[in-house]
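Sequence first, then the predicted structure, then my questions.
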Amino acid sequence: MQDLDRILVSLDRSDGAAVVLEKAVAMARASNAALEVVHVIYEGIVDLPVCEVEKNQELKTFIMQTGETWLEDQLDCIRCKVKNIESVTLWNKDKWQGILKAAAASGADLIIKGVEKDDEYSHLIRTPQDTNLIRHSEIPVMLVKDDAWVSNPVVLAAIDVLNESQTELNKRILTEAKHLSTVLGGELAIAVSYPMIEAWVEPSTVPLDLSRLRCEIEQTIRSKVSQLVSQLGICYRYLHVEEGKPAMRIRNLLEETGSELLVIGTVGRTGVKSLVIGNTSETILQYTHCDVVVLR
C-alpha cells in the first residue's frame, strides 16, 4: 500500500460516514492517490411482484437519484483535499459484491469501508457483508470504525513467524504496518502468538520443563522477528509474544495496548472450508473495536 495509486472507499448513510471519508482522504493524501467513492444501494421493495414494472422502475430511479444527491453532498467539502476524486452510485443486493465490482472497474489498490454494524449474534446465523468482502477481495481491505484517529496511535502488526509458508505474508504485514504508523504519526508494535504448550506436548513418562520450553519458543520467535525486520529495514517499539489462541490473544492485546489499527493477513477461505474451518482474521474482526487492515 505504500505505492497506492487509487483508493476505493465505500460510503453508507450513517452517522460515521464523514469520519470514514476523512480517513480515506488522509490515506489518499499520504500516498498522493486518487479517490473513488462508491455508494451501494438496494431496496427490496422495488423487486416485490405486487407493483407494476413501470412503477418499480420509477421507484428505483428515485432511490438512485436520492442516493447520488446524498453522495455528492458528502464529497463537496473534500474535493479540494485530494488530487482526483470520482463517485459512483450502484444498485446491488449484496453490498460486498457491488464494492468488489467497483474496485475491479476502477483498478483500485485498496478498499476502505466503514465497519458493518450487525446484531450481536448475527454472525452465528449468516455471513456478514464485511466477512464476505475480506474473503473475496484480491486487494487489501481497511475496515474502519466511525471514530476519528487519535494522535500518536499504536499500529499492531499480527504475524506468524513459526509458519514458514507465511514468510512473504509476514513481510507484507510488517511493511504495511510500518507505512501506516508513519502516515498516522504513531508507533509500530508486533504481535506473535503460539498455541498452548500443552496442546503440542504428547503424554510422556519423562517429565518436561514447560517453563524452559516456553522460554525456548519465545527466544525462537524473537530471533525470527529480528531477522525479518532486519531484512526489511523496519524499526518497531514493542514486540508481544503470547501463548494461547491467536484470535483471543490478539484481541486482548488490542485492548491492553490501546491499539488504534491492526494489520493482519487472511488465507481468504471460501465455500465449505470457510464455514467449517473458519478464519482467525474473521474471528478477530467479529470482536475487535479498532480499525483493521486485512491483507490477502
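Right, received. Where do you want to start?

Now do the helices in the stretch 101-250 of the chain.
129-136, 167-183, 197-200, 210-232, 246-257 (DSSP state H, counting those that start in this stretch).

Relative to V20, which of those helices is closest?
Taking Cβ to Cβ, helix 129-136 is the member of the helices of the stretch 101-250 of the chain nearest to V20, at 13.1 Å. Any C-beta I mention is one placed from the backbone N, CA and C, and that applies to glycine too.

Tabulate the CA atom coordinates of that closest one in PDB.
Extracted C-alpha coordinates of helix 129-136, given in PDB (Å, rounded to 0.1, in the frame of the first residue of the first chain):
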ATOM      1  CA  GLN A 129     -21.000  -8.200   4.500                       C
ATOM      2  CA  ASP A 130     -17.600  -7.400   5.900                       C
ATOM      3  CA  THR A 131     -16.700 -11.100   6.100                       C
ATOM      4  CA  ASN A 132     -17.600 -11.800   2.500                       C
ATOM      5  CA  LEU A 133     -15.700  -8.700   1.400                       C
ATOM      6  CA  ILE A 134     -12.400  -9.800   3.000                       C
ATOM      7  CA  ARG A 135     -12.900 -13.400   1.900                       C
ATOM      8  CA  HIS A 136     -13.300 -12.500  -1.800                       C
END
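
Just list what that helix packs against, helices and strands only.
helix 95-106, strand 110-114, strand 141-144, helix 280-287 (3 or more Cβ pairs under 8 Å, 6 or more residues apart in numbering; DSSP states H and E).

7 Å instead, please
On a contact count with 3 or more Cβ pairs under 7 Å, 6 or more residues apart in numbering; DSSP states H and E, helix 129-136 meets helix 95-106, strand 141-144, helix 280-287.

I'd like these written out as a markdown table, with distance to N32, mean neighbour count and mean pLDDT added.
Formatted as a markdown table, the helices and strands packed on helix 129-136 follow (distance: least, Cβ to Cβ, whole Å; neighbours: other Cβ atoms under 10 Å; pLDDT from 0 to 100):
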| stretch | distance to N32 | mean neighbour count | mean pLDDT |
| --- | --- | --- | --- |
| helix 95-106 | 17 | 20 | 95 |
| strand 141-144 | 17 | 24 | 93 |
| helix 280-287 | 29 | 19 | 71 |
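
Format those as a markdown table; extra columns: distance to D130.
Shown next, in a markdown table, are the helices and strands packed on helix 129-136 (distance: least, Cβ to Cβ, whole Å):
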| stretch | distance to D130 |
| --- | --- |
| helix 95-106 | 8 |
| strand 141-144 | 6 |
| helix 280-287 | 6 |
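
Which one, of the ones you listed, ends up nearest to G186?
strand 141-144 (15.0 Å).

Restricting to C-alpha, output the closest one in PDB.
The C-alpha trace of strand 141-144 is given here as PDB (Å, rounded to 0.1, in the frame of the first residue of the first chain):
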ATOM      1  CA  VAL A 141      -9.300  -4.100   2.800                       C
ATOM      2  CA  MET A 142      -9.300  -1.500   5.500                       C
ATOM      3  CA  LEU A 143     -12.400  -1.700   7.800                       C
ATOM      4  CA  VAL A 144     -12.700   1.400   9.900                       C
END
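
Would you mind pulling the contact partners of that strand?
Strand 141-144 has contacts (Cβ atoms under 7 Å, 6 or more residues apart in numbering) with 20, 23, 110-115, 130, 133-134, 285, 291-294.

That one pairs with which strands?
Paired strands of strand 141-144, with direction, are strand 110-114 (parallel), strand 291-295 (antiparallel) (DSSP bridges).

just for the stretch 101-250 of the chain, where's the confidence low?
117-127, 198-207 (pLDDT under 70).

Out of the helices of the stretch 101-250 of the chain, which is closest to D15?
helix 129-136 (17.9 Å).

by how many degrees do that closest one and helix 95-106 diverge?
With axes from the mean of the first three to the mean of the last three Cα atoms, to 10 degrees applied, the angle from helix 129-136 to helix 95-106 works out at 40 degrees.

Show me what counts as buried in helix 129-136.
Q129, D130, T131, N132, L133, I134, R135 (16 or more other Cβ atoms under 10 Å).

What is the nearest of those to E187?
Checking the buried residues of helix 129-136 one by one against E187 (Cβ to Cβ), the nearest turns out to be I134, at 25.4 Å.

Local confidence estimate at the closest residue to that closest one other than its chain neighbours?
Nearest residue to I134 in three dimensions, chain neighbours excluded: V294, at 4.7 Å (Cβ to Cβ, 6 or more residues apart in numbering). On pLDDT, V294 comes in at 91.
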